[in-house]
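Trainee: Curious how this folds, go ahead:
(4 chains)
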2 protein chains.
Amino acid sequence: MVRGVRSPGSAERRPPTITDVAARAGVSKGAVSFALNGSAGVSEETRAKIVAAAEEIGFRPNRAARSLSRARTEVIGLVLNRPMRTLGVEPFFGQLSAGISTELAANGHSLQTFTVHSVADELEVYRRWWHEQRVDALVIMDPVPRDRRISLVREVGMPAVVIGAPSVAGRLSHVWADDAHGMQQCLEHLVSLGHRRIGHVGGTPSYAHTRRRTAVLTDALDAGRFASLATVTTDFSDTAAAEATRELLDLPVGDRVTGIIYDSDVMALAGMRALQEAGVSAPEQVSVLSFDDSLLTRLTHPPLTALSRDTFDFGVLVGRAVIATLADPEHVVSVEAAQPTLVVRDSTGPAPRRGVARRSAHRRSGAQETP
Amino acid sequence: MVRGVRSPGSAERRPPTITDVAARAGVSKGAVSFALNGSAGVSEETRAKIVAAAEEIGFRPNRAARSLSRARTEVIGLVLNRPMRTLGVEPFFGQLSAGISTELAANGHSLQTFTVHSVADELEVYRRWWHEQRVDALVIMDPVPRDRRISLVREVGMPAVVIGAPSVAGRLSHVWADDAHGMQQCLEHLVSLGHRRIGHVGGTPSYAHTRRRTAVLTDALDAGRFASLATVTTDFSDTAAAEATRELLDLPVGDRVTGIIYDSDVMALAGMRALQEAGVSAPEQVSVLSFDDSLLTRLTHPPLTALSRDTFDFGVLVGRAVIATLADPEHVVSVEAAQPTLVVRDSTGPAPRRGVARRSAHRRSGAQETP
DNA sequence: AAGGTCGACTAAACCGATATAGTGCAGAAA
DNA sequence: TTTCTGCACTATATCGGTTTAGTCGACCTT
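Mentor: Here you go, the predicted model:
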């Protein structure tokens, strides 16, 4: 018996299919497909009719069906290989992936991310994704020389974009920032403030970009731009950075550094804390400089001088490179991001006249010295 | 002309399909499907033969094809609605999503995330994902009372898991942490140290968990557990937190707080910096407590006392709830996570004898007072 | 008027899986 | 011996799209 109440089951249980649209518009499935994809084969009149019908019932093509027949998923994969502990603290990654997926979304694609803790796992994920045809392309981060991931990708013919310099991209499309130039700026800043003994807390030594950064410093040292260099590499973790900082503070007096460059913001933060605990003040006794900028660098006291690059924008460039590579897999896209700029805040200042005495009580704030 | 060199095109161009496996094992497609999915219909002998053939050619079922015929994608969606600026700095989200996707991966599912900047966008993403059948289920964060997302999800009948208390989950499956209990601990800690005037820098006021936390404090105030409470709500941003901190410092002397509870670690960091800039030292003049623990709380000086919950594990619970909900959509799963524990570090200490003078020069470090 | 071309559309094949209906064949029951 | 039951397997329909091969009528040509 029909009642005067609204049907309780009025909710749309199953999303409408192309067949529903076809029925509603009184045409065939094929016509709907042509109309909605802008292909030839339907008159403008019926196209409008079909579009209207589709909108009325809220039709959206089923991804699986579309992927199956088109043999592309419009999904791009990105694997993050990071130690568990640091996970999610690196602002870099959040910004980057937001930038990538924003650009991809604008082109009807989406980003699939996955976190692993070893290279072997990462390779396995790549293989699985490829065999399952889960992604159309990959974004490869932190390349190393003779990277196994790059070999794999080339072997199976997967489209990919490498975040790294041309030299390590292995003839794959790539997007990179000129780390050398950035490091130059950091160095110039310290040198112009009179610093002659410089410390560098680097990242993972195998990473190509870590090597590039270090090379800039050693080259400048060789060229006599400053007196001494102490480089310590780490695994990008906070604990390693703190330990590295303590090592730098423990150097013999003659080599004691007056300025430290950290390869990431998290490491710079950890370093700042290690300095404070050792009773060393920044920038009075040691100047601190971060190679990455983010909210974090503004949350310390004093706020950190940092090399600022728009990571979100960088992600957008990566997304764009992916789209271009998919459009023409033969063409190797090479994009260099805008030069980073050094944002001078309060953690860097003039070099103190003498070396820093560890755990010293006497502050010599604002000491001036001509370079 | 055939040369004696290895074929350059030896790379596997297209992943093998079920048909390839069938051909290799000398059986039909159906038999392969049965064998590989553990269904009845093949003898153990042929099953072994088929499994061997599949492994030999490295067969993995095409996701799109499987999704289409099974009408499930084995993908779970999670939309993050955060302001651009904070993006990627909240360690909470990275840990959470890693936990979720780890648990999902163990069950053959994967997590798809997307970042938006408004509720409207978030709803639109949900609608699109559902209509495109891109995800099997959703994870909904930061519920508010009468949440539009929850209405939508129930309306179209999408399986979902809410991260939030039963009261706001709207009869959907949910995983929650007892914020009330955590806040109790924070409060007890401060009260036991002799603090009588307490400040609270809360998160987004519309969020249900923000309300719960605040309610605990007002209830305790009404019960006479301490003398005065100053609550400021924010949008979880660092700038809002800094501003809120300054407001608390500007209170008239009689109401001036001696302990501040921050609803997130990023806010606590921003607050610490605001205190330092105002010349207020922690914990001597003001004790600082963070409701979230992460690497960040250990990167400040002094390290922050914080309410520690294993966010990765929390994510695992969420993943498990999703799997359970998919297995039986009728059954509402309700999971309460383990109680958080208060990790006492150096940012909290005994309450000073008198109110804090703003920008005061005289430090009264280590002042003792009996509660 | 017969044949040819073109536009607009339909019918049907196809993508690669899963799931159901059907087919032999062996052994058990009548 | 005949019929029935069950097992192991094959053939085929199906998911919801895209795409190719046809179909049909209108208009053009000569």
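
Trainee: By neighbour count, which bits of stretch A:274-287 are buried? Give me those.
Mentor: A:274-276, A:278, A:280-287 (16 or more other C-beta atoms under 10 Å in any protein chain shown). C-beta coordinates here come from the backbone N, C-alpha and C atoms, glycine included.

Trainee: now those residues in a markdown table, with distance to B:R66 and secondary structure?
Mentor: Output for the buried residues of stretch A:274-287, formatted as a markdown table (distance: C-beta to C-beta, whole Å; DSSP: H, G, I helix; E, B strand; the rest coil):
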| residue | distance to B:R66 | secondary structure |
| --- | --- | --- |
| A:A274 | 51 | helix |
| A:L275 | 55 | helix |
| A:Q276 | 55 | helix |
| A:A278 | 58 | coil |
| A:V280 | 59 | coil |
| A:S281 | 61 | coil |
| A:A282 | 56 | coil |
| A:P283 | 59 | coil |
| A:E284 | 63 | coil |
| A:Q285 | 62 | coil |
| A:V286 | 58 | coil |
| A:S287 | 57 | strand |
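
Trainee: A:R72: which of those residues is nearest?
Mentor: A:A274 (49.5 Å; C-beta to C-beta).

Trainee: Now do the same contact list for that closest one.
Mentor: The contact partners of A:A274, by C-beta atoms under 8 Å, 6 or more residues apart in numbering or on different chains, come to A:241-243, A:245-246, A:249.

Trainee: quick one: which of these sit in helices?
Mentor: A:241-243, A:245-246, A:249 (DSSP state H).

Trainee: Return only those of these found close to DNA strand C.
Mentor: When C-beta under 7 Å from any atom of the strand is applied, no member of the ones in helices among the contacts of A:A274 is adjacent to DNA strand C.

Trainee: Out of these, which comes closest to B:D20?
Mentor: Among the ones in helices among the contacts of A:A274, and counting by C-beta to C-beta, the member closest to B:D20 is A:A241, at 50.3 Å.

Trainee: residues near that closest one, how many?
Mentor: Under the neighbour criterion other C-beta atoms under 10 Å in any protein chain shown, A:A241 is assigned a count of 30.

Trainee: Please apply the same query to the one 4 residues further on.
Mentor: With neighbours defined by other C-beta under 10 Å, the count for A:T245 comes to 29.

Trainee: ok, it - contacts?
Mentor: Going by C-beta under 8 Å, 6+ apart, the list of residues near A:T245 reads A:201, A:260, A:270-271, A:274-275, A:278.

Trainee: State the three-state secondary structure for the residue in the stretch 101-250 of chain A positioned nearest to DNA strand C.
Mentor: As assessed by C-beta to the nearest atom of the strand, DNA strand C sits closest to A:Q133 within the stretch 101-250 of chain A, at 7.5 Å. The three-state label given to A:Q133 by DSSP: H, G, I helix; E, B strand; the rest coil is coil.

Trainee: my read: A:L295 touches B:D238, true?
Mentor: Yes. If you go by C-beta atoms under 8 Å, A:L295 and B:D238 touch, sitting 6.0 Å apart.

Trainee: Checking A:G170 next. Helix, strand or coil?
Mentor: coil.

Trainee: again with A:L187
Mentor: helix.

Trainee: Identify the residue spatially nearest to it, adjacent ones excluded.
Mentor: Distance criterion C-beta to C-beta, 6 or more residues apart in numbering or on different chains; nearest residue to A:L187, sequence neighbours excluded, is A:A220 at 5.8 Å.

Trainee: Tell me how far the one you found lies from chain B.
Mentor: 30 Å (C-beta to the nearest C-beta, to the nearest Å).

Trainee: got the contact list for that residue?
Mentor: Counting by C-beta under 8 Å, 6+ apart, A:A220 touches A:184, A:187, A:226.

Trainee: Check the burial of the last one by counting its neighbours.
Mentor: By the other C-beta under 10 Å criterion, the neighbourhood of A:F226 contains 19 residues.

Trainee: go on, the one 5 residues further on?
Mentor: A:T231 has 19 neighbours, counted by other C-beta under 10 Å.

Trainee: for A:E55, same thing?
Mentor: Residue crowding around A:E55 was assessed by other C-beta under 10 Å; the count is 10.

Trainee: if we can go back for a sec, tell me the one among the contacts of A:A274 nearest to DNA strand D.
Mentor: A:A241 (50.4 Å).

Trainee: Quick check: that closest one touching A:G202?
Mentor: No. Judged on C-beta under 8 Å, A:A241 makes no contact with A:G202 at a distance of 9.9 Å.

Trainee: where do the contact lists of these two overlap?
Mentor: A:T234.

Trainee: Walking through the stretch 51-200 of chain A, point out its strands one by one.
Mentor: A:75-81, A:110-116, A:137-140, A:160-163, A:173-176, A:197-202 (DSSP state E, counting those that start in this stretch).

Trainee: now the last one, how far from the centre of its chain.
Mentor: Once both centres are worked out by C-alpha atoms, centre = their mean, to the nearest Å, strand A:197-202 turns out to sit 23 Å from its chain's centre.

Trainee: buried set for the following helix or strand past it?
Mentor: Tracing the chain past strand A:197-202, the next element assigned as helix or strand by DSSP states H and E is helix A:208-222. Buried residues in helix A:208-222, defined by neighbour count with 16+ other C-beta under 10 Å: A:208-214, A:216-217, A:220-221.

Trainee: rewinding a little: A:L295 and B:D238: who's more crowded?
Mentor: Between A:L295 and B:D238, B:D238 has the larger neighbour count (other C-beta under 10 Å), namely 24 against 21.
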